[in-house]
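J.: Only the shape, not the letters, is given here:
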Ligand code: BG6
């Protein structure tokens, strides 16, 4: 039976301040999420949005931008929009924060925001530390009155390597306590990622096989068919390791491989995630070279259309050494996962957009059946499809109808669309902004998680610091460089094809 989720907890009164209010993230993600929350009745009395950015807008200009960014919003959001205000100014100017403070006082006075503040840093990372310090200097980082809260939501990237991440953390902690800081990784807002917890800890049948005794290896794929679009300039400073692996992949791995937490409270879950991250082996420089394949896309074809090489994208250096593809072999050094290779691959301009985690199981001790007639039998696998076509599949071997023992792989499938038809699946941002408003930090990244994730990836950055170190090329529209296949084949495995239908076809193909 389809069941609709229970209504969301209403937000307390709050003034939400978005730094970077004129930017892309605000328009594409934050404002639509806020509008959806308003229309679900989350934003009751006492809400005010204050935009801050350099662009010289008036309140009315900002309200127009909000309206344009949320064309489908309902009456509640429309009504709220008329109260939104805007502070124009540089983040390095004290005056900006003096005026922000006055705007906050006015919001408390006329919108009843009760001294509660949610600061959202949707800016370039270079100003995170500075904005936090300026907020502290202007008395905004501590609760404005007894019982009020002051929280800061910060977007990735949290640093660009271990040293800069530690530095940023120190700057943020000089202004805010850890329990005031909500670090967003939008993968944690995805229903399917959260469902890993339900799959693992609400079901008895998976736990006995969720370990090195049964799992042969784990594969994580985060594939995108898009290129870098208009973000070439940013991507040049990032690359796949910083953009996807240090954050999204590490978060997904932590939830998939961690030990059962002692409860579902924010710190209970995050304690286990950190322990798992601490168990991921930190490679030596040689291992970092040997167990990683970096690639960059060249011209190619996607969906029958020619696509340009990465080096021809706007904002990209024609001699760029940035990786748009990465395959890694990781290992987890603990009792549960010792000896189980963890293969990760991510890339832009791959043949499809698909994100999945697959636990690939060991083969049977002895196969009774003829190898020739069971050649279509793949190892058992439990696959969490994070997107698209969200769901979970259990792949196993079955007999093809007929006289002899022809075997092939089939799948038992759970699909969100089918099981929860009609239920609205919230965008990750909606869920995360709501949680920050109500003070639930479970899905946000704690500072020790960020630090540990950087400790794992830092050696790769160091190993690649030489120009051109280990960069290989792949045509756009393919699954990455051939070397990435060899990385897996060395362990006797192959990458799964996450796009081919993994279900039984009526014609047996
Ligand atoms: C972002 C990266 O964090 O995640 C982007 O900066 C990437 O480069 C995006 O495209 C992928 O997110 P999703 O939700 O589409 O998988």
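T.: Now that the structure is in, tell me what you want to look at. Because the structure is predicted, anything quoted here is derived from the model rather than measured. Residues are numbered from 1 along each chain as shown.

J.: center of the chain - which residue?
T.: Centrality entry for the chain: nearest residue to the mean C-alpha point is residue 187, 2.7 Å, by Cα atoms, centre = their mean.

J.: Tell me who's in contact with that one.
T.: Contacts for residue 187 (Cβ atoms under 8 Å, 6 or more residues apart in numbering) come out as 193, 247, 248, 251, 252, 386, 428. Just so you know, the C-beta spots here come from the backbone N, C-alpha and C atoms, and that holds for glycine as well.

J.: Doesn't it lie inside a helix?
T.: Yes. Using DSSP: H, G, I helix; E, B strand; the rest coil, the assignment for residue 187 is a helix.

J.: so how far is residue 305 from it?
T.: Residue 187 sits 28 Å away from residue 305, taking Cβ to Cβ, to the nearest Å as the criterion.

J.: Residue 131: what's it in contact with?
T.: Each residue near residue 131 by Cβ under 8 Å, 6+ apart is listed here: 19, 91, 119, 121, 123.

J.: now do residue 204
T.: Residue 204 makes no contacts at all, as judged by Cβ under 8 Å, 6+ apart.

J.: Can you lay out the contacts of residue 131 as JSON lines showing neighbour count and secondary structure?
T.: Shown next, in JSON lines, are those (neighbours: other Cβ atoms under 10 Å; DSSP: H, G, I helix; E, B strand; the rest coil):
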{"residue": "19", "neighbour count": "25", "secondary structure": "strand"}
{"residue": "91", "neighbour count": "20", "secondary structure": "coil"}
{"residue": "119", "neighbour count": "25", "secondary structure": "strand"}
{"residue": "121", "neighbour count": "23", "secondary structure": "strand"}
{"residue": "123", "neighbour count": "23", "secondary structure": "coil"}
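
J.: from the residues you listed, which two are the most distant?
T.: Across the contacts of residue 131, no pair lies farther apart than 91 and 119, at 12.0 Å, counting by Cβ to Cβ.

J.: Please pull out the lowest mean pLDDT helix or strand from the chain.
T.: The weakest-scoring helix or strand in the chain, judged by mean pLDDT, DSSP states H and E, is helix 416-419 (a mean of 88).

J.: buried set for it?
T.: residue 416 (16 or more other Cβ atoms under 10 Å).

J.: what sits up against it?
T.: 2, 191, 192, 389, 390, 391, 425.

J.: any idea how far the second one is from the ligand?
T.: Relative to the ligand, residue 191 is positioned 12 Å away (criterion: Cβ to the nearest ligand atom, to the nearest Å).

J.: repeat for the fourth one
T.: Spatial separation of residue 389 from the ligand under the definition Cβ to the nearest ligand atom is 13 Å.

J.: try the last one
T.: Taking Cβ to the nearest ligand atom as the measure, residue 425 and the ligand are separated by 13 Å.

J.: again, but for the fifth one
T.: As judged by Cβ to the nearest ligand atom, residue 390 and the ligand stand 12 Å apart.

J.: what mean pLDDT does stretch 312-325 have?
T.: Per-residue pLDDT values across stretch 312-325 average out to 96.

J.: Counting neighbours, which bits of it end up buried?
T.: Residues 313, 316, 320, 321, 322, 323, 324, 325 are the ones in stretch 312-325 that count as buried (16+ other Cβ under 10 Å).

J.: again, but for stretch 464-482
T.: 464, 470, 471, 474, 475, 476, 477, 478, 479, 480, 481.

J.: what's the most distant pair in those?
T.: It's 464 and 477 that sit farthest apart of the buried residues of stretch 464-482, by Cβ to Cβ, at 24.9 Å.

J.: In the stretch 401-509 of the chain, which residue sits nearest the ligand?
T.: Nearest residue of the stretch 401-509 of the chain to the ligand: residue 428, at 7.0 Å (Cβ to the nearest ligand atom).
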